[in-house]
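> sequence and computational prediction follow.
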Amino acid sequence: WAALAACYDLEQQQIALGALTSLLSSDAALDAFDAEAAAFSQLSVALPPLVHGTPSAVELDGEVLLDAMSLAVALIGHPMFAHTDDDGWLWEKLLEMDAKKLASPTWPTVTYMISSIQYGGRITDGFDELLMDTYASKYFNQGVLEKDKTLFPGYDVPDCKTVEDFRAAIERLPSQDSPEIFGLHSNADLTFRTLQVKSLVETVVSTMPKSGGGGDGLSPAEIVDKIAEDLLSKVPETFEPEPTKDKLRKLPGGPTQPLTVHLRQEIDRLNIIINLTTKTLKNLRLAIAGTIALAGDLVEALEKLFNASIPTAWLRWSWESATIGAWFQGLLQRHDQLDKWLNKGRPKAYWLTGFFNPQGFLTAMKQEVNRKHAKERWALDDVVMDSWVTSPPLEVNQLKEEAKDGVYVYGLFLEGCKWHGKENRLVDSDPKKLFAPLPVLQVTGKQARDKVNKNQYEAPAYKVKKRTGLNFISTFPLRTEDPPSKWIMRGVALLCSVD
């Protein structure tokens, strides 16, 4: 309320601050935000004089107003303060005040109230907040009030004066919305249908009988036994501790180099997975043979392997994948990358998908870049990540040497768009192609003041298709000639795995 009232006259500002003071002093607010008790106490002292004695809106203490705005947003977005009829009444009054006081709506205020307060208080992900702000700026501006405005073919902004006319205009809208009306690519509908079918297939598979058929058909246990036997024959050997330490010491720069430290950590993590996989498969074969009891995790592992899925015990320590085949192939590829790095030295390019901790890899890269510029007295805190696609675009087998500054990474995929090699920029996806491989990407560190932000889209990168905070890696700037808002609404992101 204080945020909006600050745009108007002193009287309305004082009313809003008075309401905020009452809200902050309520028992519900104190119970909901015990951690903010000090801030509440400070504001309860600071706000009343402002409400009753501020000589002018210009002299209002900026810091106190900012604190009040922040707490108001937090309170409105808290579950204890859900939308009520009073919220509707408030919006009516605010809109009425806007219409009476000004010749036209104050659009920055409208977008802030909608994206940051009324809905933003319920959004927790930073990229969702960015998307909400982008939608608000696109659809709440002076341009949408132009006569005969068309948002998208079939979606005309109605020029009406009565409720009945508006309702009639709504009824004329298409019964099925195109993804493009929301700024998405037409492929988004294909993604939606694919997920529907996948859910249906998973449901059907989960309800299939698990008992063996008649005749010469194998039972589920016999099928799983053959799968376990095949996987055991392909499981790679673990990295032995002492030989591994000796090889790490021989790498350029010694074992204390940031990327070498990262290599050691990755080897330790992979050893855990290899040991767990081997133990589970061996015990599963023994249980099927009747040597040990089939119980606990082994029962679940048998069912998962029969359905070509990954046992839950493995997923707790490893990575997500669509099937056991794709998961096991990933295990072999990860081992191969680390083995070559350990025995043959640093590779020309790194398969980012093959790391348990890609964030740690990028941090180690920044540390090494910072050390290279020690004579220039770079501070690590001032170093930010920068990236660009190799031009002309290169595949990993076309690289002749390591990157002179930073590292080359490969194995990333674009979702929501594709990379145009000749034009060296992001462009729209091809129809019915959900993912597009990204050429080799050079990633390095730069001082924040030297980084170029013009014509750049900060593409978020995730380990898998499921975009959650746990799967988020970092953002990589990619060149674009379109407004970044286009790719934000497209939902463009980089993915390490699309299986």
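Nice, I can see it. Given the structure is predicted, the values throughout are model-derived calculations rather than measurements.
> which residues of the stretch 101-250 of the chain fall in helices?
107-111, 126-139, 163-171, 187-206, 220-234, 241-250 (DSSP state H, counting those that start in this stretch).
> how about the strands in the protein?
150-152, 155-156, 350-351, 383-389, 407-410, 413-415, 418-420, 425-427, 435-437, 441-447, 456-462, 472-479, 493-495 (DSSP state E).
> may I have the strands that pair with the last one, each with its orientation?
Translated: strand 493-495. Strand 493-495 has its sheet partners listed here by DSSP bridges as strand 413-415 (antiparallel), strand 456-462 (parallel).
> which residues sit against it?
For strand 493-495, contacts defined as CB atoms under 8 Å, 6 or more residues apart in numbering pick out 412-416, 435, 438, 459-465, 467, 476. Yep, even glycine has a C-beta here, placed from its N, CA and C like the rest.
> same check on the first one?
Strand 150-152 is contacted from outside by 139, 144, 156, 157, 178, 180, 181, using CB under 8 Å, 6+ apart.
> list only those of those residues flagged as buried.
Buried members of these, counted by 16 or more other CB atoms under 10 Å: residue 157.
> closest one to residue 209 out of the contacts of strand 150-152, please.
residue 178 (41.9 Å; CB to CB).
> the closest one against residue 186, yeah?
Yes - shown here, residue 178 and residue 186 form a contact pair, counting by CB atoms under 8 Å, at 7.2 Å.
> now for residue 272: which residues touch it?
residue 317.
> again, only this time at 10 Å
238, 317, 318, 356 (CB atoms under 10 Å, 6 or more residues apart in numbering).
> so what's residue 399 closest to, chain neighbours aside?
residue 348 (4.4 Å; CB to CB, 6 or more residues apart in numbering).
> per-residue pLDDT, the one you found?
pLDDT for residue 348: 95.
> when you give positions from now on, start the count at 29
Renumbered: residue one is now 29, and that last one reads residue 376.
> so which of the strands paired with strand 521-523 is nearest residue 141?
Closest among the strands paired with strand 521-523, using CB to CB: strand 484-490, at 25.9 Å.
> just the CA trace of that closest one, in CSV.
Extracted in CSV, the C-alpha atoms of strand 484-490 (Å, rounded to 0.1, in the frame of the first residue of the first chain):
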residue,chain,number,x,y,z
GLN,A,484,22.6,-10.9,-24.4
TYR,A,485,20.1,-13.3,-23.0
GLU,A,486,21.0,-14.9,-19.7
ALA,A,487,19.9,-18.5,-20.3
PRO,A,488,19.4,-20.5,-17.2
ALA,A,489,21.0,-24.0,-17.3
TYR,A,490,19.6,-27.1,-15.6
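> if we can go back for a sec, so for residue 160, which of the strands paired with strand 521-523 sits nearest?
Smallest distance to residue 160 across these (CB to CB): 15.4 Å, for strand 484-490.
> and that closest one with strand 500-507, angle?
Interaxial angle of strand 484-490 relative to strand 500-507 (axes from the mean of the first three to the mean of the last three CA atoms, to 10 degrees): 150 degrees.
> could you give the angle of strand 484-490 to strand 469-475?
110 degrees.
> for strand 484-490, what is the distance to the chain centroid?
9 Å (CA atoms, centre = their mean, to the nearest Å).
> next: stretch 480-493.
10 Å.
> for it, give the mean pLDDT please.
In the prediction, stretch 480-493 has an average pLDDT of 92.
> got the buried residues for that stretch?
Those would be 484, 485, 486, 487, 488, 489, 490, 491, 492, 493, for stretch 480-493 by 16+ other CB under 10 Å.
> just send the residues you listed back as a markdown table, with distance to residue 397 too.
Output for those, formatted as a markdown table (distance: CB to CB, whole Å):
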| residue | distance to residue 397 |
| --- | --- |
| 484 | 19 |
| 485 | 23 |
| 486 | 19 |
| 487 | 21 |
| 488 | 22 |
| 489 | 19 |
| 490 | 24 |
| 491 | 23 |
| 492 | 28 |
| 493 | 30 |
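> wait, doesn't residue 491 sit right on residue 439?
No - counting by CB atoms under 10 Å, residue 491 stays clear of residue 439, with 11.3 Å between them.
> then stretch 249-268 to CSV, C-alphas only?
What follows is stretch 249-268, C-alpha atoms only, in CSV (Å, rounded to 0.1, in the frame of the first residue of the first chain):
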residue,chain,number,x,y,z
ALA,A,249,12.8,-62.4,-11.6
GLU,A,250,14.5,-64.3,-14.4
ILE,A,251,14.4,-61.3,-16.7
VAL,A,252,15.9,-59.0,-13.9
ASP,A,253,18.5,-61.6,-13.2
LYS,A,254,19.7,-61.5,-16.9
ILE,A,255,19.6,-57.6,-16.7
ALA,A,256,21.7,-57.7,-13.6
GLU,A,257,24.2,-60.1,-15.1
ASP,A,258,24.6,-57.9,-18.2
LEU,A,259,25.0,-54.7,-16.2
LEU,A,260,27.6,-56.3,-13.8
SER,A,261,29.7,-57.3,-16.8
LYS,A,262,29.9,-53.7,-17.9
VAL,A,263,30.3,-51.9,-14.5
PRO,A,264,33.6,-50.0,-14.6
GLU,A,265,36.3,-50.5,-12.0
THR,A,266,36.5,-48.0,-9.1
PHE,A,267,39.4,-45.6,-8.9
GLU,A,268,41.9,-47.0,-6.4
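> chain center to that stretch, what's the gap?
34 Å.
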